[in-house]
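Asks: this one's sequence-less:
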Ligand code: ADP
Ligand code: MG
Ligand code: ZN
């Protein structure tokens, strides 16, 4: 008998969206970049020697008592305000009871039915400029777990491992969980909406300065809930929750995959199982995790060791006043300042170039020049090399120097590209590349005049035409001079010199 291999059936995406309406729910966990942990004085920092940032409180030793980190509450309120939420006048922590080796207390101190922020929204801009308003159900405070390291076995996962190691440095790190209301009506664009939402949220959190929002280090993590309902159905379908999808691109892929998988299950007369699923980056597919606990399983109850959090309205208003310019406000301002049309702004955003252009402008370049370099030539270079624009080996300051050299007439646009190529090739600062490659525009008149005279002498008939007033003929001489100087002459000046030679 041959072993049977379970093959997951997928439905073609176009058919999925013809037959079903997707519903999304996104849960984002963000680790706050406070100095200390949520309920103790241990250092809050990524990595480090295992189990060196721990104390009786975050190890859950008997008799230890937690104290709420005021800075974390402040960040939670600022996040809530930026997401247009109502801030609770009074709220509590709760114990969420479950056993897991990376959670030393055997319960997670979280918030349950009394979160600090509720009922907000975030406007999300899609690649083509369409705006989708995502409603926020709540943002609540909790603590992170430790980390397990599974040793032996090939996958790094617990299956097949010989033993596991535990590192509690992360246990008790402040977390904010931001949960959306069900997102409906996005149809075929659901995967894109999911990615755009997490992107917008990340940018917002970064602007607030509350977290370093590194998906690759786990300081921003997304769980994607997806369900399908047949077109015209009145009730939501059963959802799955794909856990810890750790890049923006993966968010989009995970949602899309689940849509095609669930559609095939439903079309074959099956039922979607309510469960958590695991996203595999390498295959772009999800696999079954555990069947989902319900709230009862966690036996939530109010945390008896912590006093309730009751932020005064004065404090909330003070915090509102500390909100920085938010990403979409900044984009509006930039659009006005740089005089961009809507499509120009969108291209800039889609190219991931806003920050780079802003820094280039801050280094003295004109917005139009800075934008043109980043969204065209440098974007091409990044694509060719397969890297992100921001990872190209040229800085905004270096680019601003190249732009300045063009503005002062020392470089033509063509030469400027060569300088940029040189910087990208690691040949040093722009001025060093100009020097080493000998790229300066020849604008000193005596050198140019010699070349002009030579060109006039070589083409006496054309010289004669110019002398008799046919100014248009000057182009041929200018061309000859540019050729002779390998494109390093200032063409405008050459033309002036040709005309003055023939008429003066
Ligand atoms: P859990 O404790 O199971 O993680 P949460 O309330 O924290 O539940 O998050 C559930 C998320 O899923 C929310 O964003 C919610 O809006 C969303 N959601 C609820 N029902 C559905 C559904 N049928 N399909 C898709 N998403 C859903
Ligand atoms: Mg949840
Ligand atoms: Zn501690």
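Replies: Perfect, thanks for sending it. These numbers come from a predicted model, not from an experiment. Ligands and ions are numbered 1, 2, ... in the order given.
Asks: which residue does the stretch 301-450 of the chain have closest to ligand 1?
Replies: residue 301 (16.3 Å; CB to the nearest ligand atom). C-beta here means a position set from N, CA and C on the backbone, and glycine is covered the same way.
Asks: which SS class is the nearest residue to that residue once chain neighbours are set aside?
Replies: Of all residues not flanking residue 301 in the chain, residue 95 sits nearest, at 5.8 Å (CB to CB, 6 or more residues apart in numbering). Of the three states, residue 95 takes strand according to DSSP: H, G, I helix; E, B strand; the rest coil.
Asks: distance check, residue 95 against residue 73.
Replies: 18 Å (CB to CB, to the nearest Å).
Asks: quick check: which element contains residue 196?
Replies: Counting by DSSP states H and E, the element that carries residue 196 is helix 190-208.
Asks: would that helix count as contacting ligand 1?
Replies: No. Against ligand 1, helix 190-208 shows no contacts by CB under 6 Å from any ligand atom, the least distance being 10.1 Å.
Asks: list the buried residues of that helix.
Replies: Within helix 190-208, the residues that count as buried by 16 or more other CB atoms under 10 Å are 190-205, 207-208.
Asks: so which of those also contact ligand 3?
Replies: With CB under 5 Å from the ion as the criterion, the buried residues of helix 190-208 include none near ligand 3.
Asks: please state the offset of stretch 15-28 from the chain centre?
Replies: Mean-position distance between stretch 15-28 and its chain equals 23 Å (CA atoms, centre = their mean, to the nearest Å).
Asks: sorry, slip of the keys, the one I care about is stretch 424-438.
Replies: In terms of CA atoms, centre = their mean, the centre of stretch 424-438 is set 32 Å apart from its chain centre.
Asks: got a list of contacts for stretch 68-81?
Replies: Identification of contacts with stretch 68-81 by CB atoms under 8 Å, 6 or more residues apart in numbering yields 30, 32, 34-39, 86-87, 93, 116-117, 120, 139-141, 174, 176, 178, 205, 208, 210-211, 306-307, 309, 311, 315-316, 319-320, 322-323.
Asks: SS state for residue 23?
Replies: Reduced to three states by three-state DSSP, residue 23 is strand.
Asks: could you measure from it over to ligand 1?
Replies: Distance, residue 23 to ligand 1, by CB to the nearest ligand atom, to the nearest Å: 4 Å.
Asks: just checking, that residue touches residue 185?
Replies: No. Judged on CB atoms under 8 Å, residue 23 makes no contact with residue 185 at a distance of 9.0 Å.
Asks: comparing these two, which residue is more hemmed in?
Replies: Neighbours per residue (other CB atoms under 10 Å) separate residue 23 from residue 185, with residue 23 holding more: 19 against 11.
Asks: about what we covered before: ok, of the contacts of stretch 68-81, which come out buried?
Replies: 30, 32, 34, 36-39, 87, 93, 116-117, 120, 139-141, 174, 176, 178, 205, 208, 210-211, 306, 309, 311, 316, 319.
Asks: in helices, which of those residues fall?
Replies: If you go by DSSP state H, those have 205, 208, 316, 319 in helices.
Asks: nearest to residue 220, of those residues?
Replies: Ranked by distance to residue 220 (CB to CB), those are led by residue 205 at 7.2 Å.
Asks: and that closest one, what does it touch?
Replies: 30, 79, 211, 213, 220.
Asks: show me which residues of the one helix or strand the second one maps to are buried.
Replies: Looking back up the chat, that one is residue 79. Taking DSSP H and E as the criterion, residue 79 maps to helix 70-82. For helix 70-82, a neighbour-count test (16+ other CB under 10 Å) marks 71-82 as buried.
Asks: okay, those residues in TSV with pLDDT and distance to ligand 3 next?
Replies: What follows is the buried residues of helix 70-82, written out as TSV (pLDDT from 0 to 100; distance: CB to the ion, whole Å):
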residue	pLDDT	distance to ligand 3
71	98	15
72	98	14
73	98	18
74	98	20
75	98	18
76	98	19
77	98	23
78	98	24
79	98	23
80	98	26
81	98	29
82	98	29
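Asks: quick one: which of these is nearest residue 483?
Replies: Ranked by distance to residue 483 (CB to CB), the buried residues of helix 70-82 are led by residue 82 at 58.9 Å.
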